[in-house]
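In: requesting a structural model of the entry that follows:
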Amino acid sequence: MMKIFENWTFTRILPEPFAGVAANRGKKDTTEASCISVHNHMSRMKRATLHASTLKALLAVSAIIRGDQEGAFGVQTVSGTVKWYCMEYAKPVAAGSEIRIGVYHPQDGKWKGIVKNGTTLAAYPQIGERGASGREIIMMFIFASLAEGSLHDDEFSKAFLLLNDEIKNGYPDADKATDLAFLCCDNLYRRIVNSASLGESGILFDGDSIASGNVPLILTSQLADGDYNPTETIYGKFQVLECKDCERTIAELKEQYDRKFELTDEEKNLVPKLPEKYNVSSEAQEIMDAVINSPMRVFLSVGEAGTGKTTNAKIIAQLLGLPYYAFTCSEGTDEVDLVSSMVPNTGERPGKIQIPIPTYQDLIMDPASALAQICGLYDNEISEEEAFRKILTMFYQNGFENGKDDKKFVMVESPIVTGCRRPSLVEIQEPSVITKPGTLVKLNGLLDEGAAITLTSGEVVKRHPDTVILITTNMGYKGCRGFNESVLSRMRMVHYLEPLNAEAMVARVKKKVKFDDKTFLKKMADIVCEVQKHCNTEMITGGVCGYREYEDWVWAYLIQKDILKAAKCTLVAKAAPEPEEREEIYKKLVIPAFTEAQAA
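Out: Numbers count the residues shown, from 1 in each chain. Model prediction:
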C-alpha cells in the first residue's frame, strides 16, 4: 500500500463538519451509489471511505482558490505539454508559517518537496504514523485533477466545485458536503492506487520513491536556477517559485492567437518567422488579448534598448498572422515623411522614340530629302534655312516626349499608409527623436476611432479595422523628447518595459547562443547589471548597457576566448562615452570579477 494511504492514515481524526456527520451516521464509509466514483471497479460491495489527509487537502486547496490561505498552484509547460505541476502551501507553525513547496512530474510520477522557513531551507518532513501525512502530495493531485491537461477529471472537478460552494457558504447542508467529500475521496484514491489499470484516467504516482517516508528533495541549486518555476499561475500567488507568467513560447501560443487572415503571397512573405522557441512576453500577450477581444488597435511600448520592443512587435505580428511593416523616425522626420517619401525612380521606363539624324552634308546638298528623312514629307521648294529650322523643332519635340515621363524621383507611400490599407501590424519606431514639435499629430486621424488620413495627393486612406499600430520608443536617451499629449491620449495601452534582470538575460541568450556553462553566463549577466547600476549612480549618460551588450559580449567571448578582451570591445566600449569613464568601469567592475577566470 502507498505510504499516503497506509492503514494509519484512515485512523486519523477527520476535520469538521465531516467528523460530526460521520459520528451521527456511525461510520466513515458509505455504499451509496452517488458517493461512489466511476473509477471504483470493485467487483462487489463498492464503498467509499472518508480519508482524513484527503479531506484536509481538499479544505486547503479550497482555501487557496478562494484566497483565504496563502499558497499557489501552477504549471511549467514545455512545447505545450505540462512538464511539472507546481505548488506552494503556507502551513501555520508555532513560529508563524513555513512554505511547503512541491513539484510533480506527470510523466514518471515523481513528487519532490522542500520546506522554506524564513531564509532556511529544509527537507520535507518524513511521512509516517508519527510524522507528516503527505497532505501536500494529495493537494497536488487535487489541483492536477482540476486544471486543464491530461490529469483533468470531470467527475472530480464537478464534485469539488460543488463542495467548494458548500465550504464557501459555511456548510448550509453538512450532509450534502459530506456526500461530495465521499465522492472526492473515492475518486482520488481509486485513480492513484489503481492508476495502472485505469490507463489515461489514472494518476501516475511513484509510491516507491516515498516508501521509507522520506520525500525526494528539491535541490537548493535547482530552486535557485528556477528549474521548477511555473510558466503559468493557475491559483494563488507564488512566493518562492518565481512564476514567469506568460513566458510561453511562440509554438505554444500560435494556435491560440492565429486569426487566419486571407493574405496575398507578397503579404505572407512579410509575416515574421521568428524561431518558435522564443518566449512571448506578458506585454505581447496583453496586446494580443486586447486585439482579439476588443476594438483596441493602437499601443505604445517604452523601454531601453534591448528590452524587446521590436521583438515583441514581430512576435505579435507572427502570432496574429499579420504582415509586419516598420517605419523608423529620425531627427528630421516631418509630417510629409509619415505618409510618403521621394525615392529614386529605378523602375522600367517606356521605350524612347528614336528619329534619324541627317548629316551636315545631306542638309547642304539636299535639304528636302534631309527633312523627309525625319518627318516623311518631301517638299522640293523648301530652302536650306527652313529645312534646318523644322529639323530642330522635330528634335526638340522628340526630346520633350522622351523626357517628360523620365523622372529621376517618384513619390511612394510610407509603410504606415501601406500597412493601413490591409490587415497588418505597423511598428513606428523611435518617434521621440523627432525634433519638430507636433509632427506625430499628423497621425492622429489614423489613431482615432475614425481611423483615416489624407495623403498629399488628396486621397483619404482609412485604417483597416484589423490593422494594429504599435509605437515603440525610449525616452531616457540623448535626443529623446516627450510625446504630444494628444498623441499619448490615443494610445489604448501603454507598457513600460523594465530592463532585463540577470536571470532573464541568461534565459534569453541561451535560446540564441550555444553556451553550456550557465554559471558563467550568470556571472557575465551580473556584471552587466553592475555596470548599469554604476552608470546610474555616477550619472553617466550617453552610453548604453543592456541585453544587446550582454549578448554581444557572449558572442565575442566565444570567438576571442578572452573574457576581458571581449568585454572591452562590447560591454565597456558602449557603456560610457568618455575614456576615463570606460577605464573606471573596466578596472573597477570587469577585471576584478574575471581575473581568476582569465588566469585559468
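
In: adjacent strands (with direction) for the lengthiest strand in the chain?
Out: Identified as the longest strand of the chain according to DSSP state E is strand 81-93. Paired with strand 81-93 in the same sheet, following DSSP bridges, are strand 71-78 (antiparallel), strand 96-105 (antiparallel).

In: tell me which of those strands sits most buried.
Out: Among the strands paired with strand 81-93, strand 71-78 has the highest mean neighbour count (mean count of other C-beta atoms under 10 Å), at a mean of 22. From N, CA and C alone the C-beta is placed, and that goes for glycine too.

In: can you map out the helices along the stretch 351-500 of the chain?
Out: Taking DSSP state H, counting those that start in this stretch, the helices of the stretch 351-500 of the chain run over residues 360-365, 367-375, 384-403, 415-421, 444-447, 485-488.

In: which residue packs closest to the spatially most distant residue from the centre of the chain, ignoring adjacent ones?
Out: Farthest-out residue of the chain from its mean C-alpha position, per C-alpha atoms, centre = their mean: Glu381, at 86.7 Å. Excluding the flanking residues, the one nearest Glu381 by C-beta to C-beta, 6 or more residues apart in numbering is Ala368, at 7.9 Å.

In: and for that neighbour, the neighbour number?
Out: 17 (other C-beta atoms under 10 Å).

In: try Asn312
Out: 24.

In: tell me if I'm right that it and Glu286 touch.
Out: No - using C-beta atoms under 8 Å as the test, Asn312 is too far from Glu286 to be in contact (10.3 Å).

In: please write out the alpha-carbon positions of stretch 127-143 in PDB.
Out: Output in PDB follows, covering the C-alpha atoms of stretch 127-143 (Å, rounded to 0.1, in the frame of the first residue of the first chain):
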ATOM      1  CA  ILE A 127       5.800  10.800   6.200                       C
ATOM      2  CA  GLY A 128       4.600   8.300   8.800                       C
ATOM      3  CA  GLU A 129       2.200   7.500  11.600                       C
ATOM      4  CA  ARG A 130       4.100   9.800  14.000                       C
ATOM      5  CA  GLY A 131       5.100  12.300  11.300                       C
ATOM      6  CA  ALA A 132       3.600  14.100   8.300                       C
ATOM      7  CA  SER A 133       0.600  12.800   6.500                       C
ATOM      8  CA  GLY A 134       1.700  13.700   3.000                       C
ATOM      9  CA  ARG A 135      -1.200  16.200   2.700                       C
ATOM     10  CA  GLU A 136       0.700  18.300   0.200                       C
ATOM     11  CA  ILE A 137       1.100  15.400  -2.200                       C
ATOM     12  CA  ILE A 138      -2.700  14.900  -2.200                       C
ATOM     13  CA  MET A 139      -3.200  18.700  -2.700                       C
ATOM     14  CA  MET A 140      -1.100  18.500  -5.800                       C
ATOM     15  CA  PHE A 141      -3.300  15.700  -7.200                       C
ATOM     16  CA  ILE A 142      -6.400  17.700  -6.400                       C
ATOM     17  CA  PHE A 143      -5.000  20.600  -8.400                       C
END
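
In: adjust the sequence numbering to begin at 495 for everything that follows.
Out: New numbering, starting at 495: the last item is stretch 621-637.

In: so for it, mean pLDDT?
Out: When pLDDT is averaged over stretch 621-637, the result is 93.

In: please apply the same query to stretch 889-908.
Out: For stretch 889-908, mean pLDDT is 67.

In: what residues are up against the residue nearest to Glu875?
Out: Neighbour list for Ala862: 872-876, 881 [criterion: C-beta atoms under 8 Å, 6 or more residues apart in numbering].

In: count of residues packed around the residue nearest to Val532 when sequence neighbours are not counted?
Out: The shortest distance from Val532 to any non-neighbouring residue, by C-beta to C-beta, 6+ apart, is to Glu649 (5.7 Å). Close neighbours of Glu649, defined as other C-beta under 10 Å, add up to 17.

In: now Glu649: how far from His535?
Out: Distance of Glu649 to His535, computed by C-beta to C-beta, to the nearest Å: 14 Å.

In: could the helices of the stretch 845-994 of the chain be laid out in TSV, adding distance to Ala1070?
Out: Listed next are the helices of the stretch 845-994 of the chain as TSV, based on distance: least, C-beta to C-beta, whole Å:
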stretch	distance to Ala1070
helix 854-859	73
helix 861-869	72
helix 878-897	55
helix 909-915	35
helix 938-941	38
helix 979-982	32
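
In: quick one: closest of the ones you listed to Tyr729.
Out: Between Tyr729 and the helices of the stretch 845-994 of the chain, the shortest gap by C-beta to C-beta is with helix 979-982, which sits at 36.6 Å.

In: check which residues of that closest one are buried.
Out: Val981 (16 or more other C-beta atoms under 10 Å).

In: for stretch 634-643, same thing?
Out: Using 16+ other C-beta under 10 Å as the test for burial, stretch 634-643 gives 634-641.

In: how about the residues you listed in TSV, adding distance to Ala1087 and secondary structure?
Out: Listed next are the buried residues of stretch 634-643 as TSV, based on distance: C-beta to C-beta, whole Å; DSSP: H, G, I helix; E, B strand; the rest coil:
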residue	distance to Ala1087	secondary structure
Met634	41	helix
Phe635	46	helix
Ile636	47	helix
Phe637	42	helix
Ala638	43	helix
Ser639	49	helix
Leu640	47	helix
Ala641	43	coil
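
In: can you list these in JSON lines and add distance to Thr614?
Out: Shown next, in JSON lines, are these (distance: C-beta to C-beta, whole Å):
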{"residue": "Met634", "distance to Thr614": "23"}
{"residue": "Phe635", "distance to Thr614": "28"}
{"residue": "Ile636", "distance to Thr614": "28"}
{"residue": "Phe637", "distance to Thr614": "26"}
{"residue": "Ala638", "distance to Thr614": "29"}
{"residue": "Ser639", "distance to Thr614": "32"}
{"residue": "Leu640", "distance to Thr614": "32"}
{"residue": "Ala641", "distance to Thr614": "31"}
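
In: which one of these sits closest to Gly664?
Out: Closest approach between the buried residues of stretch 634-643 and Gly664, by C-beta to C-beta: Ile636, at 21.2 Å.
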